Structures are given as C-alpha cells and as structure tokens.
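Asks: For reference, the sequence and a predicted model appear below.
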Amino acid sequence: MSEIAEKVKAIIIDKLGVEASEVTPEASFTNDLGADSLDTVELIMEFEKEFNVSIPDDQAENIGTVGQAISYLEEHAK
Amino acid sequence: MSSIRRVVVTGLGAITPLGNTVPAYWEGLRTGASGAATITRFDPAKFKTRFACEVKGYEADNFFDRKEHRKMDLFTQFAVVAADEAIADSGLLESGVDKDRVGVIWGSGIGGLKSLQEECFQFERGDGTPRYSPFFIPRMIADSSSGNISIKNGFRGPNFVTTSACASSNDAIIAAFNNIRLGLSDAMVTGGSEAAITESGVGGFNALKAMSERNDDPASASRPYDKDRDGFVLGEGAGALVLEEYEHAKARGAKMYAELIGGGMSSDAYHITAPDPSGSGVVLVMKNALRDAGITTADVDYINTHGTSTPLGDGAEIKAIEQVFGEHAAKLNISSTKSMTGHLLGGAGGIEAVACLLAMQNSLVPPTINLNTPDPEINQALNFTPNVAQAREVRVAMSNTFGFGGHNTSVIFRKL
C-alpha cells in the first residue's frame, strides 16, 4: 500500500471511529462506514490539510469511497 | 390551555467538581469538601487566577463513542452525562413513556467556549484560508446540549436552551416546570451545564475582576460571607433533573424526590455585571417565587444561596433575605454550596437544585465552607451553616441564582 493510501486510511479510521478492517477500497463513507454529510465534509477537509491540496466541491462529490479518495489524492497530492 | 398541574422531581443527575455522579457529589457536599485545585486544562502560568474547580477523572471515552464525543463540546458532554444519570434514575424510559410528551429545556450561560476558541486560534495561525470544521458551529451553539439529549433519548417534545448567564439553569427549570404545568408535556429533562475553564474563560473573568486570585490556597478561595473573600472560583460540570407531572409519575409508581412548587424571575435593571447593592431585584425574585409557590416565608427551612464569594454580591443577597424573611431569616439554614463546587455559571442552578433535593432526602444541610472570619458587614446572626453540615428536616428549600445582565431566579421545592 502506498504512503498516501496508508495516511488516507488512518484519517478515515480516526475521524469515523471505524476499525481498520472495515476500511476497504470499496467501502463507501456513507453506506458502509457510518458517515453523515458533515463527516464527509470533515474527511475532505482533513485530506486537503494532510496532503496540501484544494479539492473543489464538484470533485469532492465524486469521492465517496476509500478507493476513490486514494486515487484522487495519489493523482493530486503535492 | 389545561388547568395548572402539579410537578414533581423523579430523577437526578450530576457531574461536578466534587464527584461525577449524584452519590459522589453528595459525599463531597456532606463532608464539606473543596473541588478547587490548580488548573490542568491549560497552562495557567501567566493568568492572574491559576486554579479552578474542574471535573476530575472524566474520560469521554467512558460515556461516548470517540466519533460521537468529537462532535460535542465538553459542556454538551457534561449535559448528556448528567441527563443520562437523571433519566436512568427516573425510570422514565423503562416505563414506556410517550416520547412525544417529553421535552428538554437546558441551561447554558456560555455554550461551547472551548470550541469557539480552538477554531478561532486555528484560523489565526493559518494563512487566511478558512478551514473551519463542519462540527464547529454545532459544537459551539449552546442548544447543542438540549439537542443532543433529545437525539440520544428520542424525546420529541419542546426543546431549547435558556441563556441568562449564571441564572440559566434556574430559568430552564422554571420553563420546564411551566411547560408541564400548562399541559404541554408530561415530563421534562432540565438543568444546566458549563465548561468554561479555558484561556478565554479565565482571562475574561479575570479582566472583570470577578474571580478569586488566592493562588496559594485554592481550596480556601471560595469563601462566601467570609471577610477575606476576594471573588468567585470558576467551576464546571452539569446538574440534571427529570420533572414530571404528578399524576403521571404516580401512575407509573415513580420515586418522587419532592414537588417543585414555585419559580420566580426578576431583573435588577441596574448594571450589566454589578449587582444592585440595594438588593431590590433579589427581594422581588424571592417574593415572586414564594407567591408562585403559595407559601409563606415561615414555611421555608433552607435557602441554597447564589453566594458566589464576591465582595458585593454576597452582602446584597443576604440583605434581601433579611428584608423578605424578617424574623424568620434567623431560623433558616442558609448555605452557599459554591464554597465547595465553585461557580458553575449557567450550570449552577442545576447542581444547586440537586443539592437542595439531596439535603431534603438526607435531612442534612450541606455547609458553607471556609467561613472562618465572618464578615462584620453581613448579619452573622443568620445561620450560614458554617463549615460543617447540619442535621435538619428540610420540608421546603429555596434555590437562588442570579446572572450577569441582572437576571434573578429562584425555585422552591417541597417535600411530598
């Protein structure tokens, strides 16, 4: 697993209070990991802070699973 | 509108600087313990006041999921913890109560000060890009306390928070009382909480010259009615009551601590922080409460005073008590439990109502500690229950709280 993927996973475990085993690439923040709309906003903000990127709202809407977050950040992280 | 209905107390909850449950709180009150110590929540080295009455040994993880408590300011966590104890004590949920007829009216003078402070500090340290947490506003707003209590328990009745500084809890209790009296609800969770032991809380109250600066001996700093008092000691925590319509409580065989028989409110209309030295607003509030309760001054056994240990406020309240109660004033037990708990601001009325009900239940009046050198300006012929608890059958207890803004409140409980 890439360093980015490790960090993304750690943020999700921390913010959503879930077990590492639940954080699979296919896991949806809202459907599988118990996030509500505010949790999702917080996750995106944490990704922005951790990886020093700015994620526009229209792209944030497409980040709904762990795998989508990892691919987006692997592509955009500075 | 329904006719006026009777209201009883069927549950108690408390998380306080003396102990984190009702029995632990009572143990502290009964033995005359002090909750004051050096501040641990931040480094107070540069502050004029470096001590406070903190809640001790509290671990949020013992009460909430991590994900859950991150979204609540400490004052809301205290609210939920105390409310849970009171609700469990009342047996309300097990009785199959109609949750559409149960509401929550909570008191908080300040709300999520820590959350406000943290987010503002963080923005200030950044490069100007706003990175406010989506949970910032929900954590900060004072009504997140009553909101979270209802969400956790499914209570769908009236729900709001009262804010009147240090009178907030009593205003909440009176509003909840009226709600049941008027037939709008059958049961209400009420009380109040505060968690303002933060840099901005301590710095702000220091700037007002309102707090004791007795850093060399925190445990003796809260000393109402003592000549050497020099201000209040900041406290934190929550006190919760379950109020219930009498017939409703009786029908389900609930334990009843007492009847809430009266609530009074008034305003000094004098100054935003200083008490009116004439005490006229305080006279008015006690008269209003007695009239609402339909009792006479001679019926009252115990007054849990506002008594914050400030030079001005303590004397004004006692003069008002002498004026309202006349000869009976000397027959009362009077005590300021803030000498032990410190001043919980918006949470004060909550834990002090609990103290009154426990005094009634145990026939023991908790003391005013640190009353070593009686202030000659205050009529010491009155019984301030100095330093040691006194055995007394408490049939009627009055609890006073007053707040910045000139808000005065008084509630009266009577043994059933």
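Replies: All right, it came through fine. Residues are numbered from 1 along each chain as shown, chains lettered A, B, ... in the order given.
Asks: where does chain A come near chain B, residue by residue?
Replies: Contact residues, chain A versus chain B (Cβ under 8 Å from any Cβ of the partner chain): A:15-17, A:34, A:38-39, A:41-42, A:45, A:48-49. In short, each C-beta sits where N, CA and C put it, glycine included.
Asks: In chain A, which residue sits closest to chain B?
Replies: residue A:17 (3.3 Å; Cβ to the nearest Cβ).
Asks: next one: phi and psi at that residue?
Replies: Main-chain torsions, residue A:17, degrees, to the nearest 10: phi 60, psi 40.
Asks: Can you name the residues that contact whichever residue of the stretch 1-150 of chain B sits closest to chain A?
Replies: When scored by Cβ to the nearest Cβ, the stretch 1-150 of chain B has residue B:67 as its residue closest to chain A, at 3.3 Å. Residue B:67 sits next to A:15-17, A:34, A:39 when contact means Cβ atoms under 8 Å, 6 or more residues apart in numbering or on different chains.
Asks: Mind checking which of those residues land in strands?
Replies: Using DSSP state E, no member of those sits in strands.
Asks: Closest to residue B:382 out of these?
Replies: Distances from residue B:382 to the contacts of residue B:67, taken as Cβ to Cβ, are shortest for residue A:17 (53.5 Å).
Asks: Number of residues surrounding residue B:124?
Replies: Neighbour count of residue B:124, defined by other Cβ atoms under 10 Å in any protein chain shown: 8.
Asks: which secondary structure elements does the helix or strand hosting residue B:289 contact?
Replies: Assessed by DSSP states H and E, residue B:289 sits inside helix B:280-293. Contact here means 3 or more Cβ pairs under 8 Å, 6 or more residues apart in numbering or on different chains; DSSP states H and E; on that basis helix B:280-293 packs against strand B:258-267, helix B:311-325, strand B:396-403, strand B:407-414.
Asks: and the last one, which residues are buried?
Replies: Same thing as strand B:407-414. Applying a neighbour-count criterion of 16 or more other Cβ atoms under 10 Å in any protein chain shown, one finds B:407-414 buried in strand B:407-414.
Asks: Quick one: low-confidence residue ranges for chain B.
Replies: For chain B, the stretches flagged by pLDDT under 70 are B:1-3.
Asks: Pick out the residue closest to the middle of it.
Replies: In chain B, the centroid-proximal residue (Cα atoms, centre = their mean) is residue B:348; its distance is 2.1 Å.
Asks: and the angle from whatever helix or strand that one lives in to strand B:396-403?
Replies: Secondary structure assigned from DSSP H and E places residue B:348 in helix B:348-362. Here helix B:348-362 points in a direction 170 degrees away from that of strand B:396-403 (axes from the mean of the first three to the mean of the last three Cα atoms, to 10 degrees).
Asks: For helix B:348-362, what is the distance to the chain centroid?
Replies: Counting by Cα atoms, centre = their mean, to the nearest Å, helix B:348-362 is centred 10 Å from the centre of its parent chain.
Asks: need the contact list for the nearest residue to residue B:154 once chain neighbours are set aside.
Replies: With Cβ to Cβ, 6 or more residues apart in numbering or on different chains as the criterion, residue B:154 has its nearest non-adjacent residue at 5.0 Å, and that residue is residue B:99. Residue B:99 sits next to B:153-157 when contact means Cβ under 8 Å, 6+ apart.
Asks: In three-state terms, how would the closest residue to the residue of chain A closest to chain B other than its chain neighbours be classified?
Replies: Using Cβ to Cβ, 6+ apart and skipping the chain neighbours, the partner closest in space to residue A:17 is residue B:67 (3.3 Å). Following DSSP: H, G, I helix; E, B strand; the rest coil, the label given to residue B:67 is helix.
Asks: ok, now how distant is residue B:67 from residue B:328?
Replies: For residue B:67, the distance to residue B:328 equals 54 Å [Cβ to Cβ, to the nearest Å].
Asks: Which parts of chain A are helices?
Replies: Secondary structure of chain A (DSSP state H): helices at A:3-16, A:37-51, A:57-60, A:66-76.
Asks: Just put those helices in TSV and tack on mean neighbour count.
Replies: Shown next, in TSV, are the helices of chain A (neighbours: other Cβ atoms under 10 Å in any protein chain shown):
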stretch	mean neighbour count
helix A:3-16	18
helix A:37-51	18
helix A:57-60	11
helix A:66-76	18
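Asks: can I get those in a markdown table with mean pLDDT?
Replies: As requested, the helices of chain A are exported to a markdown table (pLDDT from 0 to 100):
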| stretch | mean pLDDT |
| --- | --- |
| helix A:3-16 | 95 |
| helix A:37-51 | 93 |
| helix A:57-60 | 93 |
| helix A:66-76 | 95 |
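Asks: Out of those helices, which is closest to residue B:315?
Replies: Here helix A:37-51 is closest among the helices of chain A (Cβ to Cβ), at 49.1 Å.
Asks: In PDB, could you pull the C-alpha coordinates for that closest one?
Replies: The C-alpha coordinates for helix A:37-51 follow below in PDB (Å, rounded to 0.1, in the frame of the first residue of the first chain):
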ATOM      1  CA  SER A  37     -22.900  14.600   5.300                       C
ATOM      2  CA  LEU A  38     -20.900  16.600   7.900                       C
ATOM      3  CA  ASP A  39     -18.500  13.700   8.500                       C
ATOM      4  CA  THR A  40     -17.900  13.600   4.800                       C
ATOM      5  CA  VAL A  41     -17.100  17.400   4.600                       C
ATOM      6  CA  GLU A  42     -14.700  16.900   7.500                       C
ATOM      7  CA  LEU A  43     -12.900  14.000   5.800                       C
ATOM      8  CA  ILE A  44     -12.400  16.100   2.600                       C
ATOM      9  CA  MET A  45     -11.000  18.900   4.700                       C
ATOM     10  CA  GLU A  46      -8.600  16.600   6.500                       C
ATOM     11  CA  PHE A  47      -7.400  15.200   3.100                       C
ATOM     12  CA  GLU A  48      -6.800  18.800   2.000                       C
ATOM     13  CA  LYS A  49      -4.900  19.600   5.100                       C
ATOM     14  CA  GLU A  50      -2.800  16.400   5.200                       C
ATOM     15  CA  PHE A  51      -1.900  16.400   1.500                       C
END
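Asks: my guess is residue B:298 is in a helix, correct?
Replies: Yes - assigned with three-state DSSP, residue B:298 falls within a helix.
Asks: quick one: it from residue B:305, how far?
Replies: 19 Å.
Asks: Please say which of these two ends up with more neighbours.
Replies: residue B:305 (27 against 13).
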